[in-house]
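**Student:** next comes the sequence, and after it the predicted model I'd like to discuss.
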Amino acid sequence: MSEDEPTGGLLDQDGRPITNLPERGFVRKVADWASARSMWLLWYCTGCGAVELPPSFTSRYDMERYGIGPMATPRQADIFLITGYLSVKTVKRIVRSYEQMQDPKYVLGHGSCTIDGGMYWDSYATVKDVGLYIPVDLYIAGCMPRPEAIFQTFEKLQDMIIKGEAVGWKKYKDNYSWYRKNQDNVFKRGPDWALEEPELR
Amino acid sequence: MTFSTTSWVMIFLTPILAFILGHLFLGISRKFTARIHRRVGPPVMQQFIDVMKLFGKRESTTHSWVQDMGALFAVIGVIASILFIPIGGEAVLSFQGDLIVLAYLLVIAPLGMALGTGATGNPNSAIGVSRGLMLMMAYELPFAMVLVAVMLYYDTASLGDIVAAQKGAFNWAILALPLSAIAADLSLQAMLGEKPFDQPVAPSEIASGPMVEFGGKYLGMLMVWHAMSIVVEAGLFVDLFLGGGVIFPGDSVLGLIGNIIVWAILALMMWLISVSINTVFGRFKMGQSLKFYWGVPTLLALLSLSYVVISNLGVI
Ligand code: SF4
């Protein structure tokens, strides 16, 4: 498909990979509309920020109104919600889960920790910037973000999906070598993705 | 059995009707559950959007062709069984003994799914499948006795004849065989896979069991199967015990449509009863469900069966 032609290797002024927006026919637009209205979450509850999720999907804020709900496995999910700090050890699980998800898939970084390490900015054991290892579509700032902020992000993401601007999944395919290089700095991929312990650097 | 043009048309229309009804039922039940939780809940059409999204995904991982076959099996099995269910008093396929055929067909779809999930090689799905089979063993015992009781009572093995025999005021089998009806409704809970009998797909425990490796259009197929099987199973109960929803004379088109609507409302009612039980219960363990089904429901079904046998002998 011409829309999926890789742009490989292009970086923006911050040194982050970029990709071109795929062209969409009518069917694709309808499918994108549906995926904006039905977003299934896989949340990776790594950090304390996850505690704001139960109020977001129970009676007080009721996430299901928007068709958003939790899913059990990466295969079934559309959105990867990374709720908080990542240790060097968990990055591998993150990448592995992300690669099991089906395109189109979207990643939300939830909390300051995913942006720049938050209050763990000088810790030896955390990964400071998730965007180096998998493409993050949107970040939710705050420590921890309240449900209002989470909903605002979901609405923004819905907008982006409908307009066809949420293309993190394509970025990952087009610039795999860039992400792979960063991943290799943190952990080794053994044969068959055997869970080897990461080397600390 | 000869096929007229009408029955050919019905063969195509019935699965479509079941598809629409099934997703509508699921959408209504999600709203219903949400209201019990004091939430707003998703729109009623949410289930259609979900399926649309799943079939619109750009990628669907398959592990082997057996997985493809499994998903197909599930959908085809349920389409085959809907053809035997009288909807508004009229089944597409109806002959003497179709209830027995149906009892076998009902098992084909879950077995197909078991086949497909086995191919994915995920241990969670193997656990889910074995739990599903165990559960089937638990609820099939009372349910088979219920079927035998109804067949003996009406002296026919054809679902169409059973529905026809219940025509008229206060002639429904639920009044004639109340104990069988209770046993059947209890079995329905596990058949529909609602709590407390949702061990095969325990999302928080074995990561949704059989569906664990299914994504994209494969998951979409399983969701279509699930939606349609609700219509089949709730509809079977309506046909067996609630007179098939036949309250208007079915010889005119208008009467038939009226009957279909009544049938759908009754099936929705059975589904919502099951959902409301689902909402307030936790999950049983496997052993507890076996003990449960081989206890009270089996006893009720047995009592009802013996009543039918004895009254057939002419003693009472
Ligand atoms: S951003 Fe704050 S709340 Fe979230 S994981 Fe980091 S420290 Fe915890």
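**Tutor:** Received the coordinates, thanks. Numbers count the residues shown, from 1 in each chain, chains lettered A, B, ... in the order given.
**Student:** count of residues packed around residue 39?
**Tutor:** You didn't say which chain, so I picked chain A. By other C-beta atoms under 10 Å in any protein chain shown, 23 other residues sit near residue A:39. No exception for glycine: its C-beta is placed from N, CA and C like everyone else's.
**Student:** wrong one, I was asking about chain B
**Tutor:** Neighbours around residue B:39, by other C-beta under 10 Å: 20.
**Student:** and the closest residue to residue B:166 other than its chain neighbours, how many neighbours does it have?
**Tutor:** Nearest residue to residue B:166 in three dimensions, chain neighbours excluded: residue B:243, at 3.9 Å (C-beta to C-beta, 6 or more residues apart in numbering or on different chains). Look at residue B:243: counted by other C-beta under 10 Å, it has 28 neighbours.
**Student:** again with residue A:181
**Tutor:** There are 11 residues near residue A:181, going by other C-beta under 10 Å.
**Student:** and for residue A:164?
**Tutor:** 15.
**Student:** check contacts around it.
**Tutor:** By C-beta atoms under 8 Å, 6 or more residues apart in numbering or on different chains, the contact set of residue A:164 is A:21-22, A:24, A:29, A:32.
**Student:** among those, who's most crowded?
**Tutor:** residue A:32 (21 neighbours).
**Student:** any idea how far that one is from residue B:214?
**Tutor:** As for residue A:32, its distance to residue B:214 is 22 Å (criterion: C-beta to C-beta, to the nearest Å).
**Student:** enumerate the residues of chain A near chain B.
**Tutor:** A:27-28, A:30-32, A:34-35, A:37-38, A:58-59, A:62, A:64-67, A:71-73, A:75-76, A:78, A:100-104 (C-beta under 8 Å from any C-beta of the partner chain).
**Student:** can you flag which of those belong to strands?
**Tutor:** Among those, the subset assigned to strands under DSSP state E is empty.
**Student:** of those residues, select the buried ones using a PyMOL command.
**Tutor:** The buried residues among the residues of chain A next to chain B can be selected in PyMOL (16 or more other C-beta atoms under 10 Å in any protein chain shown) with this line:
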select buried, chain A and resi 28+31+32+34+35+37+38+62+64+65+66+67+71+72+73+75+76+78+100+101+102+104
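**Student:** tell me which residue is most central in chain B.
**Tutor:** Taking C-alpha atoms, centre = their mean, the centroid of chain B lies closest to residue B:233, which sits 2.0 Å from it.
**Student:** confidence score at that one?
**Tutor:** At residue B:233, the model reports a pLDDT of 90.
**Student:** so which strand or helix has it?
**Tutor:** For residue B:233, the host element (DSSP states H and E) is helix B:216-241.
**Student:** for the residue nearest to the centre of chain B, which non-adjacent residue is closest in space?
**Tutor:** In this structure, residue B:233 finds its nearest non-sequential neighbour in residue B:191, 5.0 Å apart by C-beta to C-beta, 6+ apart.
**Student:** pull the number of nearby residues for the one you found.
**Tutor:** 25.
**Student:** list the contacts of it.
**Tutor:** Contacts for residue B:191 (C-beta under 8 Å, 6+ apart) come out as B:139, B:143, B:233.
**Student:** tabulate those (JSON lines), appending distance to residue B:168.
**Tutor:** Listed next are the contacts of residue B:191 as JSON lines, based on distance: C-beta to C-beta, whole Å:
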{"residue": "B:139", "distance to residue B:168": "31"}
{"residue": "B:143", "distance to residue B:168": "26"}
{"residue": "B:233", "distance to residue B:168": "26"}
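**Student:** for the residues you listed, which one is nearest residue B:63?
**Tutor:** Among those, residue B:233 lies closest to residue B:63 (C-beta to C-beta), at 28.8 Å.
**Student:** go ahead and confirm that closest one touches residue B:188.
**Tutor:** Yes: the criterion here is C-beta atoms under 8 Å, and residue B:233 meets it with residue B:188 at 6.2 Å.
**Student:** I'd like the next helix or strand past the helix holding residue B:233.
**Tutor:** Downstream of helix B:216-241, the first helix or strand assigned by DSSP H and E is helix B:253-280.
**Student:** show me what whichever helix or strand comes after that following helix packs onto, helices and strands only.
**Tutor:** Proceeding N to C from helix B:253-280, the next assigned helix or strand is helix B:286-293, under DSSP H and E. Using 3 or more C-beta pairs under 8 Å, 6 or more residues apart in numbering or on different chains; DSSP states H and E as the contact test, the elements touching helix B:286-293 are helix B:123-154, helix B:178-191.
**Student:** can you count the residues close to the nearest residue to residue B:61 once chain neighbours are set aside?
**Tutor:** What sits nearest to residue B:61 in space, not counting adjacent residues and going by C-beta to C-beta, 6+ apart, is residue B:215, at 6.0 Å. By other C-beta under 10 Å, 27 other residues sit near residue B:215.
**Student:** same question for residue A:88.
**Tutor:** Using other C-beta under 10 Å, residue A:88 has 18 other residues around it.
**Student:** test my guess that residue A:21 contacts residue A:165.
**Tutor:** Yes: with contacts counted by C-beta under 8 Å, residue A:21 reaches residue A:165, the gap being 6.5 Å.
**Student:** hmm, who's touching stretch B:24-43?
**Tutor:** A:58-59, A:62, A:64-67, B:44-48, B:226-227, B:230-231, B:234, B:267-268, B:271-272, B:275-276, B:278-280.
**Student:** drop anything exposed from these.
**Tutor:** A:62, A:64-67, B:44, B:46-48, B:226-227, B:230-231, B:234, B:267-268, B:271-272, B:275, B:278-279.
**Student:** that older thread, mind putting the helices and strands packed on helix B:286-293 in CSV, mean pLDDT included?
**Tutor:** Shown next, in CSV, are the helices and strands packed on helix B:286-293 (pLDDT from 0 to 100):
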stretch, mean pLDDT
helix B:123-154, 87
helix B:178-191, 89
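**Student:** figure out which of those helices is closest to residue B:13.
**Tutor:** helix B:178-191 (25.0 Å).
**Student:** contacts only, for the residue of the stretch 1-150 of chain B found nearest chain A.
**Tutor:** Proximity of the stretch 1-150 of chain B to chain A (C-beta to the nearest C-beta) peaks at residue B:56, 2.7 Å away. By C-beta under 8 Å, 6+ apart, residue B:56 lies in contact with A:27-28, A:30-32, A:34-35.
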